[in-house]
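1. How does the following fold in three dimensions:
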Amino acid sequence: MVASLLASITQATDQYPLLPTWKCTSSGGCIKQNTSIVLDANAGLASHPAGSRTAADYAAMGISTSGNALTLYHYVKGVSASPRVYLLGPDGKYEMMSLLNAELSVDVDYSTLPCGENGAFYLSEMKADGSGGGGSGPGNGYCDAQCPQGYCCNEMDILEANALATAMTPHPCKGNTCDKGGCGYNPYASGQKNFYGPGKTVDTSKVFTVVTQFAATGGKLSSITRKYIQNGREIDGGGTITSCGSESTTGGLTGMGQALASGMVLAMSIWNDASQEMAWLDEGADGPCAAGSGTPATILAQHPNTHVVFSNIRWGDIGSTTKH
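-> Residues are numbered from 1 along each chain as shown. This next block holds a predicted model:
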């Protein structure tokens, strides 16, 4: 029976590109997890169900892994792939990250992402088996606070960013009532105009580490704090969020904490937006980008190679993920 179980687990995980991650504790250090990624089932490969896709399919969608690094290209041979993937555990189900009173860290390379582009690293309150939202199994069950296809759930945007601007934004939901705008922190919008960008305090022309801490008081989420590490130096000033709307209406920070405690699914994507051009992220009061500079046509013409790299993903006790 044990041999049969191991065989089924191996079969499940062999179908997907490997992306090892680490789970950490203050006392035991970081232990490698045999995690992998799966492409969203509704991504442009409808003829290949999520479980039967090949490495070539993933490459055609701009996705590759190498060691602990995931690379997502927006365009492949001049065509928009805009992939979104989810982290799977060794059992072939979504890895459920329990992050209340814990932290999540990742190394990122945003150096090729121009105005209008978004390399997103975030958490969704999806179900472990991918059920809900009209499907089931790996690659299915996506939900967020914008309620795609009417399927709403808590969403914690760890990073929505390019090389010019960044934001972290909790979007709590209570039932189908969600805080769609969220309670974001954007350094540029807060007045720190020289904090984030090429050659700035957090130099986005180079790789840096992003640490997001979800502190709890009395079992409830009390703050979300961002720290950066680059060239071996910790950089403060990344921002702290201590409230997020009405608990009675959308659940607020308490509701977000409950979702984090239960476990949320890590999603990673790269995208742009013809309607808003990511102006809410990087234009006007929110960033240095000029109006109109973030159109998909401009990005394709001037930055066809735009891509994001997420690597060295670690989660666990606060203070434990960067002691290595």
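2. Would you confirm that residue 37 contacts residue 17?
-> Yes - with contact defined as C-beta atoms under 8 Å, residue 37 counts as touching residue 17 (5.4 Å). Every residue, glycine included, has its C-beta placed from N, CA and C.
3. Which one's more surrounded, these two?
-> Using other C-beta atoms under 10 Å, the more surrounded residue of residue 37 and residue 17 is residue 37, with 22 against 19.
4. So which elements touch the helix or strand that one falls within?
-> Assigned by DSSP states H and E, residue 37 belongs to strand 36-39. For strand 36-39, the elements it packs on are strand 63-66, strand 84-88, judged by 3 or more C-beta pairs under 8 Å, 6 or more residues apart in numbering; DSSP states H and E.
5. which residues sit against the first one?
-> Spelled out, it's strand 63-66. By C-beta atoms under 8 Å, 6 or more residues apart in numbering, the residues outside strand 63-66 that reach it are 17-19, 37, 39, 58, 70-73, 81, 83, 85.
6. Please, a ChimeraX command that selects the buried ones among these?
-> Only the buried entries of these go into this ChimeraX selection, using 16 or more other C-beta atoms under 10 Å:
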select :17,19,37,39,58,70,71,72,73,81,83,85
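7. and the two most separated of the contacts of strand 63-66?
-> Farthest-apart pair in the contacts of strand 63-66 is 18 and 81; separation 20.3 Å (C-beta to C-beta).
8. Please report how far the nearest residue to residue 187 once chain neighbours are set aside lies from residue 17.
-> Sequence neighbours aside, residue 195 is the residue nearest to residue 187 in space, at 4.3 Å (criterion: C-beta to C-beta, 6 or more residues apart in numbering). Noted for residue 195: a distance of 34 Å to residue 17, by C-beta to C-beta, to the nearest Å.
9. same deal with residue 131?
-> Distance from residue 131 to residue 17, by C-beta to C-beta: 23 Å.
10. does the closest residue to residue 101 other than its chain neighbours sit in a helix, a strand or a coil?
-> Taking C-beta to C-beta, 6+ apart, and ignoring the residues beside it in sequence, residue 101 has residue 216 as its nearest neighbour in space, at 3.9 Å. Three-state assignment for residue 216 (DSSP: H, G, I helix; E, B strand; the rest coil): strand.
11. 313 is where my numbering starts, stick with that
-> Renumbered: residue one is now 313, and that last one reads residue 528.
12. From the structure, what's the count of residues near residue 528?
-> Using other C-beta under 10 Å, residue 528 has 17 other residues around it.
13. Spit out the contact partners of it.
-> Residue 528 makes contact with 412-413, 534, 569, according to C-beta under 8 Å, 6+ apart.
14. do that again at 6 Å, thanks
-> For residue 528, the contacting residues are 412-413, 534, by C-beta atoms under 6 Å, 6 or more residues apart in numbering.
15. what do you get for residue 471?
-> Contacts for residue 471 (C-beta under 6 Å, 6+ apart) come out as residue 433.
16. chain center to stretch 445-455, what's the gap?
-> Put simply, stretch 445-455 sits 17 Å off its chain's centre (C-alpha atoms, centre = their mean, to the nearest Å).
17. Leaving out the residues flanking it, which one is nearest to residue 504?
-> Per C-beta to C-beta, 6+ apart, closest to residue 504 is residue 549, 6.4 Å.
18. Give the helix, strand or coil label for the one you found.
-> coil.
19. nearest to residue 627, of the contacts of strand 375-378?
-> Using C-beta to C-beta, residue 331 comes nearest to residue 627 of those, at 13.5 Å.
20. residue ranges with poor pLDDT in the stretch 363-512 of the chain?
-> For the stretch 363-512 of the chain, applying pLDDT under 70 flags the ranges 363-365, 368.
21. for the residue nearest to residue 449 when sequence neighbours are not counted, what are its contacts?
-> Once flanking residues are discounted, residue 449 sits nearest to residue 442: 4.8 Å by C-beta to C-beta, 6+ apart. By C-beta under 6 Å, 6+ apart, the contact set of residue 442 is 448-450, 452-453.
22. hmm, who's touching the strand or helix carrying residue 533?
-> Following DSSP H and E, one finds residue 533 within strand 532-542. For strand 532-542, the external contacting residues (C-beta under 6 Å, 6+ apart) are 480, 514, 520-521, 523-528, 547, 550-554, 565-566, 568-569.
23. Do a quick rundown of the strands in the stretch 363-512 of the chain.
-> With strands called from DSSP state E, counting those that start in this stretch, the stretch 363-512 of the chain shows them at 375-378, 381-385, 387-388, 391-392, 396-400, 414-421, 430-436, 467-473, 478-483, 485-486, 489-490, 508-509.
24. can you give me the offset of the longest one from its chain's centre?
-> Think strand 414-421. When C-alpha coordinates are averaged (C-alpha atoms, centre = their mean), strand 414-421 and its chain have centres 10 Å apart.
25. Quick one: residues in contact with that strand.
-> With contacts defined as C-beta under 6 Å, 6+ apart, strand 414-421 is touched by 519, 521-525, 621-628, 630, 633-634.
26. from the residues you listed, which would you call buried?
-> Neighbour counting over the contacts of strand 414-421 (16+ other C-beta under 10 Å) leaves 519, 521-525, 621-628, 630, 633-634 as the buried ones.
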